[in-house]
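Engineer: give the three-dimensional model of this entry:
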Amino acid sequence: MLLTKLLFTAIVLWAANASAFVGSDTCQNCHAEEHAQWRGSHHDLAMQLPSSATVLGDFDNTTFTYNSITTRFFREGEKFMVNTDGEDGQSQDFEVSYVFGVSPLQQYLLPLSRGRLQALSIAWDARAKAEGGQRWYHLYPDEKIDYKDPLHWTGTYQNWNTSCAECHSTDLKKNYNALDRSFDTQFAELNVGCEACHGPGEKHQALAAANTLQDAENGGFPTALAQRGQWMFPTDANIARRTSPLKSNAQIDSCARCHSRRATLGDYHYGAELLDTHDPVLPQWPLYYPDGQIRDEDYVHGSWVQSKMHQAGAVCSNCHNPHSLKLRAPNNGVCAQCHAPAHYDTAKHHRHPTDSTGALCANCHMPETTYMGVDDRRDHSMRIPRPDLSVVMGTPNACNQCHLDEDAPWALAALREWGVQFRDTGSHPARAFQHIAMGDTRAVPQLVNIASDPSTASIWRATAMDALGQVGGRDALQTATQLLYDDNALLRASTVRALDFLPLNQRYPLMQPLIADDVTAVRMAVAYSLAGVPLDQVSPEQAAQLRVLFDEYLSNLQQNADMPGAQLQLGVFYIAQGDEKAAEAAYREALYLNSQLIPAYLNLADLLRGQSRDPAARTILLQALAILPENGPTLHALGLLETRSGQPEIALTYLRQAAELETEGTRHRFVYAIALHDLGHPAKAIAQLQALLRSVPQSAEVLLALTDYNTELGQRKKALGYAKILTQIAPGNRTYQKLYQDLSRDNP
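Structural biologist: From the prediction side, this is the model:
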């Protein structure tokens, strides 16, 4: 049944995309205005052949020195050349194959063997000289990156075929050959053309020629992107509303294909929802701050879907012209489309002089973060500045991003003087996410409320469900059973992942209906979760279902076999299936692609240890430690390894170092305490647990350990106190009740 459904889906998608690509110049014949707006846009100039007109950098025999390597930019006739350190660290000449981007910086793609194009890490600052531009600069100025580093321009993470091409070209075919690690990458159009968003245009062109466009759905294109809608101000309202609800996310999903932090799931299908072709990340640390503000590059979508504007039905083209990519109006004019200027664009609202930067809506509600050295990008979550959260949890706020000479308490005091009072500082959702990351389970009820609230943005509900899954337990299970079959694919996928705390035999019946889910991201989450199901212990029909699912999962990952993260996932999947040989090969391939991928070292070491290959596991962990000497998980793994190897003092040293480095969660500190006890230091173990309890005062495992260890040392009165807290935080737990009663008899 599943095979038939997947085959049918594939045929439908193939039919929708069977039309050929005809090129953006063809569109100009009938859509001259749109084509003219697109021409010269960042999409049009995303990637170009090098010429005197397209190359912005100074190639007049100029030099730039970084990490003791001097790079020279020069010309050889019509060629633009770069002399710099190559894959072996030796200087050599490279010809520029393509220019990449246009403003505020431009990069240059240089060829390497096996069909690879690499983005040079020395970029041209295309800003005006008065703004500090018109210069060569390095993208990682504060780091010492050499040819051995995966961030070096010759490394995995600067590879155009893998990391850049999908979003800078039209109809890209990566064509990676894992056998010889080569690429034969092809594209229909060099840049981001009309069909990159609308889909192949041959059918549309034929319908137009036959004057039958009106008879075809979406004009012959795979999808319709016109969801801008009509907006009006209700009587006496200061904010406009859509005249009819937004019925399709096609435009947002189309933009999110590139303007999101995400993983790719197989081939792209025009018209499919985002999660059918991509798996977007959730707003979690370290990519985001706990309140959802951008930290690392998130490419807009993950922020936008948090916003009230998104929940009100706004789409990308409400603010941006989709062809020129420019704002619909300058400065506050773009906001004034829906926010009455008489109410919002006034000193009474923004509290700044009218002509100042503080009077610009975006500076307060969409603060900028600089990436790639010079690229200022606005946070599209569109939030109210919260210096109160900055005070209690260290998140940034727009006030202090302008007033650099002041601190968060100053900003909070200023807002209070204006009459602004924040009543939810202690109960703000960000506090729950921060607390749960620290291992404080008191946040669980609030996370349950967030996940269960239909009025909350779906991305936050999914994030809350993910956090609940990390805690596990009854609350997580009850919430998950409500959301597992939700209409929203993001919630379904997140809930599937959250149920990993359940034993496999309980997970399988819950997830079986989702094996044939319509959305790829959900099916892939199910495949990962059920990878360990023994196929010989289910019915032949169920085994056939799972085989199809697992084949699809492996196919998707193998299409991305050039990515270290995909190899890491493959290794984990193979381990679940009991194929240790394939898992080891995948982990080693991940380390070949990225020799600094610490999780791959840890997983490989764990695999080797499980095979009683402790010396080899130790070697792998020490290699990881040499790369990041203060990496807590590596130190923790070494501590556990030496514990099993009968080296208690060495083990305690590693475990102590891991515990001291832990700033989020409690696992390393807790295990160190247990190791202290088990290796003959119960008093030190209690001291470690007491310190940990101050961070997580309602941690059941810490309280239970303190109860047991104090009882063991004859400190039964102290043990009773901890047991009492256990009964208070889990009144229905019979084990805790009995423990408390037994201790109470000894402490009348």
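Engineer: from residue 663, how far out is residue 102?
Structural biologist: 40 Å (CB to CB, to the nearest Å). Using the backbone N, CA and C atoms, a C-beta is placed for each residue, glycine as well.
Engineer: what do you get for residue 156?
Structural biologist: 28 Å.
Engineer: what about these two, which has more around it?
Structural biologist: residue 156 (22 against 8; other CB atoms under 10 Å).
Engineer: surely the more buried one and residue 596 touch.
Structural biologist: No. With contact defined as CB atoms under 8 Å, residue 156 does not count as touching residue 596 (9.9 Å).
Engineer: which residues do these two both contact?
Structural biologist: Common contacts of residue 156 and residue 596 (CB atoms under 8 Å, 6 or more residues apart in numbering): residue 150.
Engineer: pull the CA atoms of stretch 223-240 into PDB?
Structural biologist: Extracted in PDB, the C-alpha atoms of stretch 223-240 (Å, rounded to 0.1, in the frame of the first residue of the first chain):
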ATOM      1  CA  THR A 223       2.300  26.300  -8.300                       C
ATOM      2  CA  ALA A 224       0.900  29.800  -7.800                       C
ATOM      3  CA  LEU A 225       2.900  32.300  -5.700                       C
ATOM      4  CA  ALA A 226       0.400  35.200  -5.600                       C
ATOM      5  CA  GLN A 227      -0.700  35.200  -1.900                       C
ATOM      6  CA  ARG A 228      -0.200  38.900  -1.200                       C
ATOM      7  CA  GLY A 229      -3.900  39.300  -0.600                       C
ATOM      8  CA  GLN A 230      -6.000  42.400   0.100                       C
ATOM      9  CA  TRP A 231      -5.700  44.300   3.300                       C
ATOM     10  CA  MET A 232      -7.800  47.000   4.900                       C
ATOM     11  CA  PHE A 233      -8.100  48.900   8.200                       C
ATOM     12  CA  PRO A 234     -11.200  47.900  10.200                       C
ATOM     13  CA  THR A 235     -13.200  50.800  11.600                       C
ATOM     14  CA  ASP A 236     -11.200  52.600  14.400                       C
ATOM     15  CA  ALA A 237      -8.300  50.100  14.000                       C
ATOM     16  CA  ASN A 238      -4.700  51.000  13.700                       C
ATOM     17  CA  ILE A 239      -3.600  47.700  12.200                       C
ATOM     18  CA  ALA A 240      -4.800  46.400   8.800                       C
END
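Engineer: in it, what's buried?
Structural biologist: Buried residues in stretch 223-240, counted by 16 or more other CB atoms under 10 Å: 223, 225, 227, 228, 229, 231, 240.
Engineer: tell me the one of the residues you listed nearest residue 473?
Structural biologist: Nearest to residue 473 among the buried residues of stretch 223-240 is residue 227, at 40.6 Å by CB to CB.
Engineer: hang on, isn't that closest one packed against residue 318?
Structural biologist: No. Here residue 227 lies out of contact with residue 318, judged by CB under 8 Å, at a distance of 9.1 Å.
Engineer: ok, residue 445 touching residue 475?
Structural biologist: Yes. The criterion here is CB under 8 Å, and residue 445 meets it with residue 475 at 7.4 Å.
Engineer: between those two, which has more neighbouring residues?
Structural biologist: Set residue 445 next to residue 475 and count neighbours by other CB under 10 Å: residue 475 wins out with 16 against 11.
Engineer: that one belongs to a helix?
Structural biologist: Yes. Assessed with DSSP: H, G, I helix; E, B strand; the rest coil, residue 475 lies in a helix.
Engineer: OK, contacts around it?
Structural biologist: Applying CB under 8 Å, 6+ apart, we find residue 475 in contact with 444, 445, 448, 468.
Engineer: can you mark which positions in whichever strand or helix holds the third one are buried?
Structural biologist: Residue 448 belongs to helix 444-452 when assigned by DSSP states H and E. Of all the residues in helix 444-452, those buried under the rule 16+ other CB under 10 Å are 444, 446, 447, 448, 450, 451.
Engineer: swap in stretch 498-514?
Structural biologist: So, applying 16+ other CB under 10 Å, buried residues of stretch 498-514: 498, 499, 501, 502, 507, 508, 510, 511, 512, 514.
Engineer: just to check, the second one is in contact with residue 481?
Structural biologist: No. In terms of CB under 8 Å, residue 499 does not count as a neighbour of residue 481; the distance is 9.1 Å.
Engineer: wait, residue 531 sits on residue 573?
Structural biologist: Yes. Assessed by CB under 8 Å, residue 531 is found in contact with residue 573 at 5.1 Å.
Engineer: now do residue 9, the pLDDT please.
Structural biologist: Among the per-residue scores, residue 9 shows a pLDDT of 43.
Engineer: same check on residue 501?
Structural biologist: At residue 501, the pLDDT value in this model is 96.
Engineer: contacts only, for it.
Structural biologist: By CB under 8 Å, 6+ apart, the contact list for residue 501 reads 469, 470, 471, 472, 473, 476.
Engineer: look at residue 734 and say how many residues are nearby.
Structural biologist: Neighbours around residue 734, by other CB under 10 Å: 8.
Engineer: tell me the contacts of residue 641?
Structural biologist: 605, 609, 614, 617, 618, 621, 651.
Engineer: can you give me the buried ones in the helix or strand encompassing it?
Structural biologist: With elements taken from DSSP H and E, the one containing residue 641 is helix 632-644. For helix 632-644, the neighbour count (16+ other CB under 10 Å) marks 632, 633, 634, 635, 636, 637, 638, 639, 640, 641, 642, 643 as buried.
Engineer: from those, which is closest to residue 146?
Structural biologist: Using CB to CB, the buried residues of helix 632-644 come closest to residue 146 at residue 634, 22.0 Å.
Engineer: give me the pLDDT value at that closest one.
Structural biologist: 98.
Engineer: before we move on, the earlier item: what residues are shared contacts of residue 499 and residue 481?
Structural biologist: residue 510.
Engineer: grab the longest helix from the protein for me.
Structural biologist: Counting by DSSP state H, the longest helix found in the chain is helix 540-559.
Engineer: outside of the following helix or strand past that helix, which residues touch it?
Structural biologist: The first helix or strand that comes after helix 540-559 along the chain, using DSSP H and E, is helix 564-576. With contact meaning CB under 8 Å, 6+ apart, helix 564-576 is reached by 150, 156, 263, 527-528, 531-532, 553-554, 557-558, 560-561, 580, 582-584, 586-587, 589-591, 593-594, 597, 599-600, 603-604, 607.
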